[in-house]
Each structure stands twice: as structure tokens, then as C-alpha cells.
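Asks: Task: produce atomic coordinates for the following.
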Amino acid sequence: MLAVTTAALALAIGGCNKTDNANGSAPGQPAQAAKAAGDQTISAALDKNGRFYQAAHSAGLDSTLAGPGPYTVLVPKDDAFAKVDGALKDAANPENRAELTRVLTYHILPGTVLIEDLGKAVDNGKGKALVQTMNGQTLTATKGGAKVVLTDAAGNKATIVDGDQKRSNGVVQYVDTVLMPAAASKAPAKS
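Replies: Down below sits the predicted model:
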């Protein structure tokens, strides 16, 4: 019950940030943040030579991150990709597209979620909060000192090391670890 309540709270925080404004900025973006972000989308702001952008491009998610959003994108630093195997090692291989999409959408949250929002959700959840991702799974947010730490399905922990980079369609939070969703369930074999 606590987990469900905490998840609802975390989603509500993202939903509370949604506002309609006539200046063309993404919903959930305060006017001041939209002005600071300018017309640059999340996709346009990402380093085109960075591992996250290259994987997102291979999966076709770069166009999503150029869309209206708003999104919160947890972008692992490039050195974090050196520690993973599987589809992320060979992002350009078309056979890896489904797995890339599954992993990368685990790094995207609906709405604009600032570090302060995550911290408040953790405090309100008595030390942890569940955060819904775009792939339908959750991350667990906690605090490690003054930093927000996100734990994935396998227990890997990623700390937000640089964040609240506001863009016209959301916000980017940089993390120090690639987060991995729970293993994909396989369809039963047909007889």
C-alpha cells in the first residue's frame, strides 16, 4: 500500500507541475524556465557525439525527445556506458532496436520532474518514492546525503550528478550509472 501511495505521490508531483501557458513553452515549464531554455528541445541540447544520444538516435527516440513533451530524461554520463553489455554496446545494430528502446524509455519520466520534486517525494515517502518511467516500470528514489539516488530493478544505483537543465520540452538530469529495467518477459513458445 505504501508503494502504491508513494508512486501516486511521485506521479502527482509531475502532474502538479503542468501548466498551460500561451507562450508556446512546454506544459510543466514555468515561464522563467521556458525563457532560459529558449527554443532548444531536449534532443537538440544533447551532445550528438554522446553515447546516450547515439543510442536514442538508433532507437528512433531522438525524434520523440524533439517533440512537445514534457519529459524528464535521465541521461547517463558517457563513462557509465562502458560498464554495460548487451544492446547498449552495439547501439547501431538494428537488431538491438527493441532492447534499446526498452532500456532508454526506462530513462524517461513523464512530465517535468526537478531534483527538488524528487527530494520532496522522498521526504514525503519517509525515505523513498517510486517513480514511474515511460516504459511502464518504476525506479526507486532515495537520498544519499544531499543528492537524489535512483535505484533500478536490479538494485543498481544512479546518482543525479548534474541536473535541472531545462529545455523547451522538459528537463535533463545527468546520472552516473545506466539504469536497467527488469528483464523483458518472453512470450511462451507455441507448440
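
Asks: any low-confidence regions in this protein?
Replies: Within the chain, the ranges that satisfy pLDDT under 70 run 1-38, 185-191.

Asks: Given the helix or strand harbouring L130, what are its sheet partners and their directions?
Replies: Assessed by DSSP states H and E, L130 sits inside strand 129-132. Applying DSSP bridges, strand 129-132 is found paired with strand 138-144 (antiparallel).

Asks: Only the buried residues of the strand it pairs with, if you could.
Replies: Neighbour counts using 16 or more other CB atoms under 10 Å place 138-142 of strand 138-144 among the buried residues. Heads up, the C-betas are built off the backbone N, CA and C, glycines and all.

Asks: Send me it as CSV with only the CA atoms.
Replies: Only the C-alpha atoms of strand 138-144 are listed here, as CSV (Å, rounded to 0.1, in the frame of the first residue of the first chain):
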residue,chain,number,x,y,z
THR,A,138,9.4,2.1,-11.8
LEU,A,139,12.6,3.5,-10.2
THR,A,140,13.0,3.9,-6.5
ALA,A,141,14.2,7.4,-5.5
THR,A,142,16.1,7.9,-2.2
LYS,A,143,18.6,10.4,-0.9
GLY,A,144,22.3,9.9,-0.5
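
Asks: what's the distance between that strand and the middle of its chain?
Replies: Put simply, strand 138-144 sits 13 Å off its chain's centre (CA atoms, centre = their mean, to the nearest Å).

Asks: ok, residues contacting it?
Replies: Under the criterion CB atoms under 8 Å, 6 or more residues apart in numbering, residues 7, 10, 106, 118-119, 121-122, 127-133, 148-152, 157, 159, 179 lie in contact with strand 138-144.

Asks: Mind checking which of those are buried?
Replies: Among those, those scoring as buried are 7, 10, 106, 118-119, 121-122, 128-133, 148-152, 179 (criterion: 16+ other CB under 10 Å).

Asks: before we move on, the earlier item: out of the buried residues of strand 138-144, flag the one nearest to A66.
Replies: Taking CB to CB as the measure, L139 is the one of the buried residues of strand 138-144 closest to A66, at 23.8 Å.

Asks: Following element in sequence after the longest strand belonging to the chain, please.
Replies: In the chain, with assignment by DSSP state E, the single longest strand is strand 157-167. Downstream of strand 157-167, the next assigned helix or strand under DSSP H and E is strand 170-175.

Asks: Pull out the buried residues from that following strand.
Replies: Buried, per 16+ other CB under 10 Å, within strand 170-175: 170-175.

Asks: sorry, back to before: I'd like the buried residues of strand 138-144 as JSON lines, with distance to P70 appended.
Replies: JSON lines is the format used below for these (distance: CB to CB, whole Å):
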{"residue": "T138", "distance to P70": "19"}
{"residue": "L139", "distance to P70": "18"}
{"residue": "T140", "distance to P70": "22"}
{"residue": "A141", "distance to P70": "18"}
{"residue": "T142", "distance to P70": "24"}
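
Asks: Okay then, goodbye and thanks.
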